Structures are given as C-alpha cells and as structure tokens.
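# give me a 3D structure for the following:
(chains A and B, ligands or ions: 2)
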Amino acid sequence: MRTVFLASLRTHIRRYVAAAVAVAVAVAFVLVVGVLTSGAHSGLMDGLGAPYRNADHVVSAAGWPSSELDPKAAIAFTERHGENAAATGRATLPARANGRRISETTVGPIATSEEWRWQELSSGRFPARTGEAVVDVYFALAENFAVGDRVRIGEGAAARDVQVVGLVESPSPPAQASMYVTWPQLLQWRDHLHLNAVAVRGEVGQLPEGTKAQSPEGFAAERLTYVQNRVNTLSVMLLLFVGIALFVSVLVISNTFSILFAQRLRDFALLRCIGATRRQVVRSVRREAAVVGVLASLAGTLVGVGLGYGLIALIDALTPTALMGAAELPTLWLLGGFAVGLVVTMVASWLPTRRVVRVSPLAALRADAAVDVHTATGLVRPALAAILLVTGLALLGVAMVQDSTALMVAGGGSVFAGVLLFGPVLVPRLIGITGALLGPAGRLATKNAVRDPRRTATTTASLLVGVTLTTAVLTGMATWRSSLDEQIGRDHPIDVALTSPKEPVTTDLLNRVRHTPGVEQAIPVDGAVARVAGLDKPIPVVTAPAAAHVARDGGAFARVEPGKIRIDSEAFGKNLSLRPGDRVTVRVGDRRAQLQVAVGTGWGPAGVVAPETLATLTDAPEPHAIWIRASSGADPARLGSDLDELADPVGATIENGLRTWESLDQQLGIYTWSALGLLGIAVVIALIGIANTLGLSVLERVREHAMLRALGLTRRQLRRMLATEAVLLSLVATLLGTMIGVGFAWVGYETIVKQALSDATMHVPWLSLGVVVLIASLAGLLAAVLPARRAARVTPAAGLSLD
Amino acid sequence: MTTTTQQATQETVAASARNLTKTYGQGDAQVHALRGIDLDLPRGRFTAIMGPSGSGKSTLMHCLAGLDGPSDGTVTVAGTALGSLEDDALTIFRREHIGFVFQSFNLLPMLTAGENIVLPLELGGRRIDDAARERARMLADILGVADRLGHRPAELSGGQQQRVAIARALITEPDLLFADEPTGNLDSTTSAEVLDHLRRSARELGQTVVMVTHERDAAAYTDYVVTMQDGRIV
Ligand SMILES: Nc1ncnc2c1ncn2[C@@H]1O[C@H](COP(=O)(O)OP(=O)(O)O)[C@@H](O)[C@H]1O
Ligand SMILES: [Mg+2]
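Ligands and ions are numbered 1, 2, ... in the order given. Modelled structure (predicted):
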C-alpha cells in the first residue's frame, strides 16, 4: 500500500493545490490575528510603562478604576518629593492660537530632567521653563501647529501665553495629552488638573489618603489588563470571522475530496479487486488528506506570521501612534493555527473518505463508472433540512417576539444549516431557472452546472455563507445608520448655529457666512435679546418659521406653541436650573411674558418661541442668530473654525453639531468596512472553491470537451460555456445569499435594533446589495478564467486519444 | 482541361490527402504515425481504414477530419484545403461538413438522446425548428431509437448509444462521416446492427462514410478497404 500511497500522492497532489490554498488562507488568517494581538500587547506594555521606567514606586488611586487620585493631595505629595517625583495626568482647557479657538485641548506635564521625561522629541527642543510648551505631533498636524507658534491656554484670569518650542511623540496612552508644559506652569491650572499616578524615586513616605504604591511593572500590568480586555475582545471578534473562514474552507476542501475520490473510484475498486482491504484503502486515502493538511497548514502558518509582522511594520510606518510593539512569536497561536488547519482538513475529508469505503470491487469492472458521477440525494437530507428549517423559523419568530438575541442566533444558525442541507435539491432548481433566462446559449452550461447536485450545492454553499453575512452586515448597518440619522437629527437639528447674544447680526456677516466654503444654506433668525428668569445672562429669544430649510429634523424643534419657550438644554452647561414645565418670566425691555419652559438640544444659547409670542415681546425683531446647513462632505472642524473667526469679532458664539455626524460617519464606516474586509476573506476562499470545482470538473470532462470540439464547438464557445457555468454558480449563490441575508437582517432589526432605537425603520441598501451581486458574478467569471483556458488548450485529437 | 478534371474529381472524391505526414515527439521518443500518405476517399461510398493497432489509423482519421494538424502534407475536404484554416474556421468547417462516431463516450451524459442528436445544430447557433426536429425523428426512426429519445445515455445500451451517435452525425448532412472503431465496445450482434446502419447511410442516403477498424468482419460491410501498416498504406 505504501507504493500506492506515494504514487497517488505524486499523481494527485497538484489537484489538491486549490483546496490547500483555501486551508492555508484560513490558517494564515488565524496567525495574523495572533501576531497582531501579541504586537498590540507588547506595544501597550512598552508605551504604558514609559513614564515610570526610572521610578521605584508608582502611587495611584487605591480603588482605580472606580476612584481617581485626589488632585490636591496628589499635587502636595508630588511637591513634597521635589526632584524625586513626577506626576502624570492632564488638564482640559480652552486654547487659542493664530487667532482661532482650538477644540478640546489637554495639557499635561513634561519633566525638565531627562530621567523623568518620557515624551520623545520629534522636532525643536524640550521646554525648559514656564512660558514654553511642546505639542504632540499628531495634534500639531491636526490643528496646524508649528514650532514658534504662540498659544493662549486657559480663560479669563487663568489665561497664559506659551510658545511652542518643539513637537513630541507620546507613547503612553493613559498619560497622553495634546500639549505639555513644565510642572510649575501646569500648576497654574491646578483646579482643572486630573492626575493618574505619581512616579517616585527612593522612599515613598506617607501616602495620601486612598492611594496605593506599586512597582512600575505592577502598575503597568494593572493598567494593561484594562486596555488588554479591549484588545482581547477585539481578538475574539476577529476569531469569529476566522471561524467563518474556516467553515468555508471545510466546505471547499470537503468538496475537493469528494470530487477527487469520485474521479478515482475505479482505482479504489481496482485496488479492492486485487486484494486491498477496506482498511488499507481508507488508511491510504486518509494519509493523503493528512499530507495535504500538514503542507497547507505549514504554508498558512508561515504566510500568516510573515503577513502579521508585515502588517505590524506597515502600521508602525503609517501611524506611529498606533502603539504596535515588536511582537513576540506567539507560540500558542502558532501551534493553534497549525492544529486548526490540520484538524479542518481531516474533518473535511472524513465524509468523502467514508464514501470510498463503500466502493465495491465490482465497480472496477463496470465500463464507465467513473464518468457520470451522479450522487443521489437521499431522503434523510431533505427531511433533516425540513426539520432544521421549521425549527429555525419558529425560533426566529419567538426571538422577534421576546427580543432574545440568543434565540435569534440559534434560529439563524438552524435556518442556515437547513438551507445548506437543502442545497442539493434547491440550488440546481435555482440554477435551472436562472439558466433558462440565458436561452439556448446557456443550456449546456446550465446542464453542466447541475450535473452533480451535491457538488453544485457544496460549491455554492461556500459562497452562500459569505454573501449571506455580507448582506446581513450591509443591511444591518444601513438600518442602524438611518435610525441613528433620525435620532441625531433630533439631537442636533442645526449643523452650525451662530448666536449673537448682544448685537444683532449684520447683513454683511450673513453674506460672509453664506460665502464660507462648506455652507450650503444659512438663514437669519429673528428675535430680541431677553432676560429669562433663571438664566444669569440675557439670551436672544427667536422665532424661526423658515427653520425647515436648514434643520435636519425638518424644523420640528423650532415649531413652538404660543406661551412656551424652548431652550437648548446643552448650551447652558450643567448649571441650567430651568426644568421642562417651569413657568418663567421673559422680559424684553419693559415688556414681559409668562412662558412655560420646554427643552431640546442642538441650536445653541437662544430661546425659541412662536411668532405670536415674539410679537408680544417686541415690535421690531432683528436677526440674532444664523442657522447653517453644511453641504455634504464639508469638513466639520474647518467649517467650525472658519465660522468661529467670523463670529468672534462680533461677540457671537458657535454651536457645532456637525462633529457628531462626522464621528458617527467615521465609526459606522470603520465597522462596516472592517466587517466587509474580514468577510471578504471567507468570500475569497469560496471563490477559490468555485475555481477549484470547475478546474477539477474540467479535468474530468476532457473527453467530453474534445468531442464537443470535434462536433464544432469553437474554443471561444467552450470558454464561454465554462465561464457561464461559473457565473451561474456564483450568481445563484449570491442571489440566494442576498435574500437570506436581508431576511436575517430583518429578524435582527426586529429583535435588536427596534429594541434599542424604538422608532427605527428597516432600510435595505439595494444599491450596495446590487454591487455585491455584480462583484460576485464578476468574481465567478474570474474564477473560470484558469480552468477555461486550460480546457480550451486541449486539441480535440489529444482529448479523444485520452482514455 | 484542368477545370474539368477538378470538377470530375470533386464529383467522385469527397476528401483527399497528399503526402500526409505526422510525427509525434522528438529525438529518441520520435514516433512516425503517418509516413507520407496519398489517399482519395470516394464520394457516397463506405470506406474502411484497416490495420493493426498502432498502425496510424486514428491519426489518419484525425488529420482527415481536421481534428489535428499534420506535420506535413495537405488534406482537402469538399474542395477546401484544411491546412489554410484557423482553429475557429476549422471548427466551423467541421461543424458544417463532418460528422463523427467514436468508440465510446459519444454522448453528453447530462443531455437526453434527443438533445444529443440535435446538439450539432445547436452548436451552430441554429434554431431547433420543426424541420430539424422532423429530420431528427426520421433519423431516429431509421436507426431504431425513436422510442428512446427522452432517455439519458446512462439509460441506453451500448448499441443504442452508438446508433444515437450515428443519428447525431447524420443530422447536419455532412460531406463526410467518420467512425473510429464504432463497434469496439459492442458484442457481435449489436455490432452487426450498427455496421448495417452505417452501410445503409451510404447506400440509401448517399452519405460518404469512413470507418476506422481493426476487425476484418467489420470491413466486410464496406465498399472499399484501405489497409495501413506502420504509418503507410499497403
Ligand atoms: N498524442 C500522441 N503522442 C505520441 N504518440 C502518439 C500520439 N497519438 C498516437 N501516437 C502514436 O502514433 C502511432 C499511431 O497511433 P494511432 O493512430 O492511434 O494508431 P491506431 O489508431 O491505428 O491504433 C502509435 O504508435 C501511437 O503510439
Ligand atoms: Mg485507434
């Protein structure tokens, strides 16, 4: 049997290549996740520990993360140790530079002594005294800072001017700030300061109340577990996608074994004829599978490790803040990935090899047993499929009623398993229907595609998995997105609101606003400055019948009943004492009105009232606000600061709601594209599977093709026939997957989204789904290229003399 | 003068080969399958190409039918020199002028017998109209497979499969019908039936038939016999 095993390995190993590639891709996926996880861990550890590397002790809040250091006590403690201590932390302060306001500035300490300094200089020099600052390079990039700029930090009496003397990189995320100044300077804003930890050299002495001292390593490890959990959660999410890819590989490789063994059934029968026992035959075949598994896993491991390190290098090069460290070779992942590849191959080959056992020696004597491999579909499969489908649908129904995610997942899995099992019956029918649309030209291709129902079903199943999930993700995200849009439209009805609490806005200002790039429309809002009881400053009381032109909620927020005043509850900060339903006196000059308070958010420090109400308060309303709708694609930060520059000289303020939209866009974009990219791996494996099935079928049909060519089928017609076959397979898989995916998304919407966002509506992104179908069909075409070329290369005479 | 000779030959000769040579491989492994064959196949007759296994019969047929290009020499079928045709033109020429019956695996397993018969028409992009269907039925009648048209090849006996193959070969009314060992897989009774059908195609339909065989009994059904030996006609 040994010679047989080696000989068949030599003869057939090339036919395993595609299947092996499928396994290798899945294994490589595992390893990439492993290396990236390991890199992220070591990067976090390096960065986190940087500020404390020369410390003997690190003092931090005893109850962290539920309690923080008391800043006063911590500052006193740090001061007491003088040169032997350095604190990490930051203050969030308003800042202005180059005549404009800078959003969200955090200021942290930078040590003057080399041993406490953990920031790395990237240009200029470190600050040596009060009045000097360094800026984080990425913050500098985002806000357009350069060495030499002057920045005013803080407000009112606490405002200080500093000069930027250098740019730095800051490797430790918990200690990171956008700017760094010397410790004495930072203490000038001590009321705003939050401290994480104090690094101490030598004796710690008396610890402040509620604090603990740890070794630097202990401290870093403590903080790491917190961040690490997030990294680990991410790894688990990634492994989910790995699982999907592995499942698809199982389908592909099991199909490969089925096809190859079917083609070799006569060889096996012959072996049995001449005295090989069943056990011998099966063992030989299993050993073949094992060799494929070992080689594929090995290749996958190597490629995965290479890719993983490559990616780390790439991430480091592109975004040095991403904190990817030098990854240790993750031994556990290496072994795990290899084992997974091997196990997947063996599992996938199990059923096909069992079929080999059943071959009777007589099969060798039948003339053309190997030609028409037509596996029958028994009754057990459809019955099992029906049970799974019915159970699954019932579970999904219950899941929707009870809003149970667990039931939804179980039901979805059951339905999907049912569909897969039902494939040999269902898929050929669908291909028949789709093929009929092609007319007689596609007849041969259609017949070829459905020749072996089980092979067809397994081939399409692998693509079905990827497409179903892709569709579900796309639809789910679109639904989520459209409901979030609605909600945010309510929370931030106005993109940017410019409010002038003292002077009315001039026509000139309005024109300049209208000409600012990124402004699509701007309307003046009429009103009068009023004193509202309970607010310490006068605010404009306005009415905006035209709000619908610019508001994202259709102007609903601006439609206020007479006798009411609607106030932006966020524009006045935490100190707002007015509550909805309160009755307040509103005075304009010597006229007054008693109004009932209503609240909302998103238009800045102005009270919105009905036109009738305003008429009782003033006879000559003047514009006190400009409400702006940004054009799509406008850069929120730039638009905000441009408008700020216009507003500032006239004492007006800016309310920028656009930022929320942008970050939402970015976040959903990141989620969607990551999910699609990760599912893409499963889809690629499935396409390799289609190419593989087609390639193996082509080998099996050489004679047939030669005969067709003899009868007058041109090369081009032959290629087109094979391409049509591949496109039919991928198209049907994609259409079916799209349908199931939309169905799943609907169930998910009913179960999860509706519960989270009560008035969400289902949104199916037909355009994106159309693109998916198109891409899948084109990919099917691509999958046919190699097999079709190989088939067309054989001359009719050569094909005919084969036997 | 030459024109009349050519016309005369065209009337009596369906295909001809001049100095046909085919060599496989190179160096030590070189095989001379055909060594300068000159041959005229008479129109409307049933010709047998005989010879022992390996003598070059199939190679000769492949070259005559335009399935393979010769190393040297020319082949003319129905007045067309095959050597001048590109692969596509050659394929279309075959589709229109030549029919085939092979030893085995003649039929596409996923098509029914009836579909197999009209396949050559379909490959030419022709609509399967009533006339075509009528002709298919007539041929099936003559060949005795009219009641099997809805069956798949796997459900037909070897003899039935070969008769369906003959019907398919005749559907385009080809100038030449080639049969390569058409009875190689059949028992003697069924062989006799198939050979009888081929002979009737020549006698009754005026079809030119060329059969490759190594069986003497089969050759007895034919009008002419060409014997080959080691790549030459003897
Ligand atoms: N594709 C090929 N490559 C190499 N040698 C071939 C090939 N086809 C046929 N031959 C050789 O050419 C000779 C004639 O073959 P063939 O025409 O098939 O003989 P026959 O049909 O009379 O049995 C044989 O020696 C055969 O081995
Ligand atoms: Mg032969």
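# for residue B:229, which non-adjacent residue is spatially closest?
residue B:55 (5.5 Å; C-beta to C-beta, 6 or more residues apart in numbering or on different chains). C-beta: built from backbone N, CA, C; applies to glycine.
# separation between that neighbour and ligand 1?
Plainly put, residue B:55 is 4 Å away from ligand 1 if you go by C-beta to the nearest ligand atom, to the nearest Å.
# next: residue A:620.
103 Å.
# was I right about the residue nearest to residue B:229 contacting residue B:234?
No - Residue B:55 sits out of contact with residue B:234 when judged by C-beta atoms under 8 Å, with a separation of 9.4 Å.
# correct me if wrong: residue A:750 contacts residue A:400.
Yes - the pair residue A:750 / residue A:400 is scored as a contact, 4.2 Å apart, by C-beta under 8 Å.
# following element in sequence after whichever strand or helix holds residue A:32, please.
Residue A:32 is part of helix A:17-49 when elements are defined by DSSP states H and E. Once helix A:17-49 ends, the next helix or strand along the chain (criterion: DSSP H and E) is strand A:57-61.
# in its sheet, which strands sit next to that next one, and in what direction?
Sheet pairing here is set by DSSP bridges, and for strand A:57-61 it gives strand A:193-200 (antiparallel), strand A:211-214 (antiparallel).
# where does the most centrally placed residue in chain B land on pLDDT?
Residue closest to the average C-alpha location in chain B (C-alpha atoms, centre = their mean): residue B:178, at 0.9 Å. What the model reports as pLDDT for residue B:178 is 91.
# and it, what does it touch?
Contact analysis of residue B:178 by C-beta atoms under 8 Å, 6 or more residues apart in numbering or on different chains lists B:61, B:64, B:65, B:98, B:99, B:100, B:101, B:210, B:211, B:212.
# just among those residues, which is most surrounded?
residue B:99 (30 neighbours; other C-beta atoms under 10 Å in any protein chain shown).
# quick one: list the elements packing against the lengthiest helix in chain B.
If you go by DSSP state H, chain B has its longest helix at helix B:188-205. Contacts defined by 3 or more C-beta pairs under 8 Å, 6 or more residues apart in numbering or on different chains; DSSP states H and E place helix B:188-205 against strand B:46-50, helix B:130-143, helix B:158-170, strand B:176-180, strand B:209-212, helix B:216-219.
# apply 6 Å and report the result again.
helix B:158-170, strand B:209-212 (3 or more C-beta pairs under 6 Å, 6 or more residues apart in numbering or on different chains; DSSP states H and E).
# show me how far that helix is from its chain's centre.
Relative to its chain's centre, helix B:188-205 lies at 14 Å (C-alpha atoms, centre = their mean, to the nearest Å).
# got the angle for that helix vs helix B:130-143?
In terms of direction (axes from the mean of the first three to the mean of the last three C-alpha atoms, to 10 degrees), helix B:188-205 departs from helix B:130-143 by 130 degrees.
# can you pull the buried residues of helix B:188-205?
By 16 or more other C-beta atoms under 10 Å in any protein chain shown, the buried positions in helix B:188-205 come out as B:190, B:191, B:192, B:193, B:194, B:195, B:197, B:198, B:199, B:201, B:202.
# quickly note the distance from the residue nearest to the centre of chain B to residue A:121.
From residue B:178 across to residue A:121, the span is 86 Å (C-beta to C-beta, to the nearest Å).
# do the same with residue A:356
Distance from residue A:356 to residue A:121, by C-beta to C-beta: 68 Å.
# noted, bye for now.
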